[in-house]
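[1] What follows is a predicted protein model with its sequence.
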Amino acid sequence: MPVLCSSCSEKRAVLKRPKTGHSLCKACFFWAFEEEVHQTIVAAKLFRPGETVGIAASGGKDSTVLAHVMKLLNERHGYGLELMLISVDEGITGYRDDSLETVKRNQQQYELPLKIVSYEELYGWTMDAIVKQVGLKNNCTFCGVFRRQALDRGAIMLKVDKICTGHNADDVAETVLMNILRGDIARLRRCTAISTASEGDGVVPRCKPLKYAYEKEIVLYAYFKKLDYFSTECIYSPNAYRGYARTFLKDLESIRPSSIMDIIHSGENLSVREGVKMPVQGTCSRCGYISSQALCKSCVLLEGLNRGLPKLGIGKHHRLHEKILSQQPLTEHEQRKLKSVDF
Amino acid sequence: MCQVEEEYHEQLERVDTPSASKKCVKCKEELAAVVIRAGDAYCRKCFRESFIHKFRAMLGKTRVIFPGEKVLLAVSGGPSSCSMLSQVQEGVSQNAHKKLRFFPGIVYIDAEGGALGQCKEMRQKTTSELCDMFRSTGFPFYILPLEQVLDLPGSVLTPSPPSDQPGSVYKAAVDLFLQSGDSSSDGKAEEQECVSLPAVQESHTRLLQQLIGSAQTLTAKQDLLNTFRQHLLVHTARTRGYSKLMQGDSCTRLAVKLLTSISLGRGAQLAQDTGFSDCRYGGVTVVRPMREYSAKEIAYYNHMFKVPSVVIPNLDTKMPDKASIQRLTQNFVTKLQADFHSTVSTIYRTGEKLQTAGRGSSAAEDAEALALCCRSVKFSEEASALQATLISEQLSQSSVKPEPPANVGQCCSSERPCGGAEGTGDCCRSSSHLVGSLSSRDHEATDLRSLLCYSCRRTVRDMSSVDCLPQYVLSVAQRRQNRSAMKEQISEFLLDDA
């Protein structure tokens, strides 16, 4: 006996929702998924009519689905937004150049303007070159820090008011777990916020419309809608610390599917005791980007790369900021400490 | 390269070779007997001193336990709580340097029969072992079966007002105690009050088994067991006049508990669950003096100084890794600790920096402790994970049109069968929109759930029927509902409370 869809009870159910366990037919699933994203956008008041919104597109499933859903909802509910695609080229051969082709195809399919910014033109370094210098253990730090700035620069070039990224519920839950494991209390407080609250030049606020969508549901959506995306993991990712948090989260999901939402709920309700030292937002003295130290992280990382001291950005180095700013050479001892790299 | 005058200005790198015979890092005289963290090797004497000192410093630094107070030690028989017991025993003994000045009592909750399903002989054996251990300490002790949780009064869930302390400032209290003389310290000479396992009715055991059994998943079972155990401990402390309850959670255990709480949705109440003192029960404060000891330290101490402990199996003993969330988290943390040695202490420090959310403005009236876990948390209703989950449930069930849906019944997937035949709405958290098609029993279930916090809702959702919950939970829930209905009726006449 075929199972009927639990929502319309007319058509046969073709899938089971990972989030709630209900059996749904295709049309009802599409409708439920899109409606949930719409409710998230409306409840959190993410956009205002007339804004220009940049969709951070990497060619992967999250950003492809995000572009599709944003375009659909913009037309269906009349948000009045102008949408654009922004893509970042980190220079990872075998991974990024293939996914960029997907983004270009998306651009043609959805008829949205596209802007690609690359690490090579912004910083003079590609990720492949960085990994050759840094090794396989700390390279995700470089990529993440550089990408954040690259997205902002791309957004400013395109003159968008907001950026939206395709972070899904699994990503947010992983981030909560990782910040606890790392002891990063400042990030722990901010990471469940659906949009960043930052005013100032050089920074564009960004939001996550897919925050409450499970990764599996995104894949189901893309599969049934026959959306075209690129599905390979970054070749440098197996050694990342985030992998531990991810395996743990996958195991949790297999025991209890709602635990992803439970973790996000916990993260939203955490509050930090008074008297705990928190970083204060300022600007970088060299490039003017936002930073909580004298020099922003990407300037420090770049300095390290350019001087051949790959460990300069990893670990604590506040005392060296002054030295770097004033262009003094570092002592022999410091140089040796920063140079050694364990593979 | 091979010149005569060549000198090496740079320092040659020296790698510390691990040697078998290292000196103790503290006294630097004796040979080290135990290595706690990488690089910290202690001899027997220094280890013992530092262990005892840590315990005293914990109590002294926080100044929560006033002299002359009655403190109840919750001993589970495991290594941490037995270590705590031996520390207290040593500290209270007459010849201790700077004697601890409170009056301890011991309590052990026997969950074997009801929850774990052990046979009577096993229960007797364990309790007699523990009895001997407790008797040798000389403190009054109580061994209670978990079945007593079914007879608890509803007052357990209401925070009682804290008893008046003679001096709320610690120093004043100490002076007062010293003035009144140390005569009361001989109070232990009175006959040792001991309550061992009273005869438990079979029916009660069956009821308890049914209650635990109504939870479909092991995670929910463990959660319920912990909650009820905690309730019984607090009740015992209250009725026997103890104002403090000491629990022996170690650093490792607390780190696991923190991660588990996050995974279960208890983030808002983390600080109370894992902090040093927990005041949500009003008159009884829960303290955790062993929270800075890692499990490794406790194991070494128990082994070297022969502290007795009893092995009592738990619900998730010998279970596979993914049997429950608690078990999975424990494995995860211990495995990660093996690779990254600072994992447990980092998690612990993160927990220390958190506080309970939503405190301060809510008065005792409004901050009604929630029906199961006694936490008082207000949820932000908009744009939160809770709201998103509710919306998902709604969208997946009812049809778009506002007619009452006729087929809520299909909502369950094949691998999560509903408990009762007619309780089809039971396993889904049906919101109040679907009232029409629900039976009255489901109506009750819905209303009970609205009085629970997020994670207790999740646990109850795993239960096949809400009626198995002990009477006190249901009656308190009923009373709270009545009160909120009353409040709604008169809301326009109430002036804004300050």
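    Noted; the coordinates are in hand.

[2] C-alpha only now, for contacts and for neighbours.
    Will do.

[3] And what about whichever residue of the stretch 151-300 of chain A sits closest to chain B, helix, strand or coil?
    Distance from chain B to each residue of the stretch 151-300 of chain A (C-alpha to the nearest C-alpha) is smallest for A:Ser266, at 3.7 Å. Three-state call for A:Ser266 (DSSP: H, G, I helix; E, B strand; the rest coil): helix.

[4] quick one: buried residues of stretch A:117-136?
    Judged by neighbour count (16 or more other C-alpha atoms under 10 Å in any protein chain shown), stretch A:117-136 contains these buried residues: A:117-119, A:125-127, A:130-131, A:133-134, A:136.

[5] Could you do stretch A:10-30 as well?
    Neighbour-count burial for stretch A:10-30 flags A:11-26, A:28-30 (criterion: 16+ other C-alpha under 10 Å).

[6] where exactly do the helices run in the stretch 101-250 of chain A?
    Using DSSP state H, counting those that start in this stretch, the helices of the stretch 101-250 of chain A run over A:119-123, A:127-134, A:139-158, A:169-182, A:185-190, A:215-224, A:242-255.

[7] Just put those helices in a markdown table and tack on mean pLDDT and distance to chain B.
    Shown next, in a markdown table, are the helices of the stretch 101-250 of chain A (pLDDT from 0 to 100; distance: least, C-alpha to the nearest C-alpha, whole Å):
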| stretch | mean pLDDT | distance to chain B |
| --- | --- | --- |
| helix A:119-123 | 84 | 32 |
| helix A:127-134 | 84 | 21 |
| helix A:139-158 | 84 | 18 |
| helix A:169-182 | 92 | 6 |
| helix A:185-190 | 85 | 7 |
| helix A:215-224 | 92 | 12 |
| helix A:242-255 | 91 | 7 |
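
[8] Distance to B:Lys318 for those helices - can I get that in JSON lines?
    Listed next are those as JSON lines, based on distance: least, C-alpha to C-alpha, whole Å:
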{"stretch": "helix A:119-123", "distance to B:Lys318": "52"}
{"stretch": "helix A:127-134", "distance to B:Lys318": "44"}
{"stretch": "helix A:139-158", "distance to B:Lys318": "38"}
{"stretch": "helix A:169-182", "distance to B:Lys318": "26"}
{"stretch": "helix A:185-190", "distance to B:Lys318": "34"}
{"stretch": "helix A:215-224", "distance to B:Lys318": "32"}
{"stretch": "helix A:242-255", "distance to B:Lys318": "17"}
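
[9] most packed of these?
    helix A:169-182 (a mean of 22; mean count of other C-alpha atoms under 10 Å in any protein chain shown).

[10] roughly how far is that helix from the heart of the chain?
    Distance of helix A:169-182 from the chain centroid (C-alpha atoms, centre = their mean, to the nearest Å) equals 12 Å.

[11] tell me the domain boundaries of chain A?
    A:37-267, A:280-335 (the TED database).

[12] do the same with chain B
    Domain segmentation of chain B under automatic domain parsing yields B:63-352, B:408-454+B:471-486.

[13] Now A:Thr52: phi and psi?
    Per-residue torsions, A:Thr52: phi -100, psi 130 (degrees, to the nearest 10).

[14] That one: neighbour count?
    By other C-alpha atoms under 10 Å in any protein chain shown, 19 other residues sit near A:Thr52.

[15] Report the contact partners of it.
    A:81-84, A:159-162 (C-alpha atoms under 8 Å, 6 or more residues apart in numbering or on different chains).

[16] Quick check: next helix or strand after the helix or strand containing B:Leu73?
    Assigned by DSSP states H and E, B:Leu73 falls within strand B:70-74. Note on strand B:70-74: by DSSP H and E, the next helix or strand toward the C-terminus is helix B:79-92.

[17] any idea of the mean pLDDT in the helix or strand just after that following helix?
    Going down the chain from helix B:79-92, the next helix or strand is strand B:103-110, by DSSP H and E. In this model, strand B:103-110 has a mean pLDDT of 89.

[18] From the contact counts, what lies against strand B:103-110?
    With contacts taken as 3 or more C-alpha pairs under 8 Å, 6 or more residues apart in numbering or on different chains; DSSP states H and E, strand B:103-110 sits against strand B:70-74, strand B:141-145, helix B:218-239.

[19] Just want the angle from it to strand B:70-74.
    30 degrees (axes from the mean of the first three to the mean of the last three C-alpha atoms, to 10 degrees).

[20] and after strand B:103-110, which helix or strand comes next?
    Past strand B:103-110, the next helix or strand by DSSP H and E is helix B:120-137.

[21] Under the pLDDT cut-off, which ranges of chain A? List them.
    Counting by pLDDT under 70, chain A has low-confidence residues at A:1, A:197-202, A:315-343.

[22] Select the longest strand from it.
    Ranked by residue count and defined by DSSP state E, the top strand of chain A is strand A:82-89.

[23] How far does that strand sit from its chain's centre?
    With C-alpha atoms, centre = their mean, you get 14 Å for strand A:82-89.

[24] which outside residues touch that strand?
    A:50-58, A:71, A:96-97, A:100, A:103, A:107, A:112-119, A:147, A:150-151, A:154-155.

[25] and those residues, which of them are in strands?
    When DSSP E defines the strands, the subset of the contacts of strand A:82-89 inside them is A:52-56, A:114-118.

[26] Go through the residues you listed and name the one nearest A:Glu34.
    The shortest approach to A:Glu34 among those belongs to A:Ile55, at 16.8 Å (C-alpha to C-alpha).

[27] returning to that earlier point: out of the contacts of A:Thr52, give me the two with the largest separation.
    A:Leu81 and A:Lys159 (13.6 Å).

[28] got the contact list for B:Ala271?
    B:351-352, B:354-356.

[29] residue contacts, the residue of the stretch 51-200 of chain B found nearest chain A?
    Across the stretch 51-200 of chain B, no residue is closer to chain A than B:Thr62, which sits at 16.6 Å (C-alpha to the nearest C-alpha). Residues counted as contacts of B:Thr62 (C-alpha under 8 Å, 6+ apart): none.

[30] Many thanks, I have nothing further to ask.
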